[in-house]
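[1] Next input, structure requested:
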Amino acid sequence: MKLAISATNLRKSYGDKVVLDGIDLNVAEGTIFSLLGPNGAGKTTTVQILSTLLAPDSGKAVVAGHDLSVNPSGVRGSIGVTGQFSAVDTMLTGEENLWLMADLHHLPKAEGRRRAAELLEQFDLVDAARKTPMTYSGGMRRRLDLAMTLVGNPRIIFLDEPTTGLDPRSRRTMWDIIRQLVKDGVTIFLTTQYLEEADQLADRIAVLNGGKLVAEGTADQLKRLIPGGHVRLQFADIPRLAHAAHILGGVRDDDSLTLDVPSDGGVQSLRSVLDRLDAGLVEVDSLSVHLPDLDDVFFALTAKENVR
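    Sure thing, here's the model as predicted:
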């Protein structure tokens, strides 16, 4: 696994306030890594450090193959950053905003115009190209913001709460854009307040709380950390339900003809349930696995008593 980002023991304090308390991060190339945490947990500080906007008090980080402390300009040349708030210039047209970014990247004029046209097409902004962002919807403005980030063809993009304030349709449009970027080989470092967003997009998720990483894994792995998972078995009649309940235990519901058997959702746990059903000659109509969602994980891992 080739790493796009590797950070070790990052620390940052403001006076007596410890924001990052020695965190380690590894982000594989061509993946979406999501950092979750409550307000004030240090998500934006982490993004600012990794994108060279803020120096850590201690620790080491390598971004796109460049040591953060040795070659920050190399890092900046390899990344793009889209912050919580749109950075577009509302006095320029959408097209002119992209031309400005091309100039800042020192692209030749013809190449900059070509790149701007490509991005306007890619982000469905051709019809709005010669209008100012003041006339744009929130979703259009965020698309322009991300398009501006892509002018320099970055290998890594930091998206700090990119869909805040967007309606559900615009949010899903952004999700589709992000997925396509990853298909094209871009690495995404995503912070978000929307847990469904992390669940839908992220290959790996880390939860930051009290300046520490309290958990990391895939969405399914994190869900298995929290009690409450179960296998739900559906039966055709009461006798079959009663027979299964005698064998497996669990929570029986005669009205719905279901039996909920505690499970972590893993293959071994599911196989154990099925083997016991086979041994007892129990006929099941249907089976489904239910796990806690990321909301449950988030609340459990970021409870006040977990802050250190």
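[2] Sketch out the low-pLDDT regions of the stretch 51-200 of the chain for me.
    Within the stretch 51-200 of the chain, the stretches with pLDDT under 70 are 84-86.
[3] now the strands for it?
    58-63, 66-67, 79-82, 156-160, 187-191 (DSSP state E, counting those that start in this stretch).
[4] Show residues contacting the helix or strand hosting residue 46.
    Applying DSSP states H and E as the criterion places residue 46 in helix 43-50. For helix 43-50, contacts defined as CB atoms under 8 Å, 6 or more residues apart in numbering pick out 5, 7, 10, 12, 19-20, 23, 25, 35-37, 53-56, 61, 63, 68, 81, 84, 158, 160, 189, 191, 208. Every residue, glycine included, has its C-beta placed from N, CA and C.
[5] Stretch 19-28 now?
    In contact with stretch 19-28 (CB under 8 Å, 6+ apart) are residues 1-13, 33, 42, 45-46, 49, 56, 59, 187, 189, 203-204, 206, 208, 210-213, 308.
[6] for it, the distance to its chain's centre please.
    15 Å (CA atoms, centre = their mean, to the nearest Å).
[7] cool, stretch 209-217 as well?
    14 Å.
[8] before we move on, what SS does the residue lying closest to residue 228 once chain neighbours are set aside have?
    Once flanking residues are discounted, residue 228 sits nearest to residue 292: 4.8 Å by CB to CB, 6 or more residues apart in numbering. Here residue 292 takes the coil state, with states given by DSSP: H, G, I helix; E, B strand; the rest coil.
[9] Could you check how many residues crowd around residue 292?
    Residues lying near residue 292 (other CB atoms under 10 Å) number 19.
[10] Quick one, grab the pLDDT at it.
    Residue 292 is assigned 84 on the pLDDT scale.
[11] and it, what does it touch?
    By CB under 8 Å, 6+ apart, the contact list for residue 292 reads 223, 226, 227, 228, 229.
[12] Please repeat the previous calculation with a cut-off of 10 Å.
    222, 223, 224, 225, 226, 227, 228, 229, 230, 265, 299, 300 (CB atoms under 10 Å, 6 or more residues apart in numbering).
[13] rewinding a little: got a ChimeraX select line for the buried ones in the contacts of stretch 19-28?
    Those of those that count as buried under 16 or more other CB atoms under 10 Å are selected in ChimeraX with:
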select :3,4,5,7,10,11,12,33,42,45,46,49,56,59,187,189,204,206,208,210,211,212,213
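[14] What about the contacts of stretch 19-28, which are in helices?
    Of the contacts of stretch 19-28, the ones assigned to helices by DSSP state H are 45, 46, 49.
[15] got the phi/psi numbers for residue 184?
    Dihedral angles phi and psi of residue 184 (degrees, to the nearest 10) take the values phi -80, psi 0.
[16] Report the contact partners of it.
    By CB under 10 Å, 6+ apart, the contact list for residue 184 reads 30, 150, 153.
[17] could you measure it against residue 274, distance?
    Distance from residue 184 to residue 274, counting by CB to CB, to the nearest Å: 41 Å.
[18] repeat for residue 126
    Residue 126 is 54 Å from residue 274, where distance means CB to CB.
[19] try residue 155
    For residue 155 relative to residue 274 (CB to CB), the value is 45 Å.
[20] Likewise for residue 188?
    38 Å.
[21] Which one's more surrounded, those two?
    Shown here are residue 188 and residue 274; by other CB under 10 Å, residue 188 has more neighbours (23 against 13).
[22] if you skip the residues just before and after it, what's nearest to the more buried one?
    Nearest one to residue 188, counting by CB to CB, 6+ apart, is residue 32 at 4.4 Å.
[23] That neighbour: how many residues sit nearby?
    Counted with other CB under 10 Å, residue 32 comes out at 24.
[24] Contact partners for it?
    Applying CB under 10 Å, 6+ apart, the residues near residue 32 are 157, 159, 178-179, 181-182, 186-190, 198, 200-205.
[25] Nearest residue to residue 280 in space, ignoring adjacent ones along the chain?
    Using CB to CB, 6+ apart and skipping the chain neighbours, the partner closest in space to residue 280 is residue 247 (4.4 Å).
[26] shouldn't that neighbour be in contact with residue 277?
    Yes: Residue 247 is in contact with residue 277 according to CB atoms under 10 Å; the separation is 7.2 Å.
[27] Count the residues that sit near residue 185.
    Counted with other CB under 10 Å, residues neighbouring residue 185 total 9.
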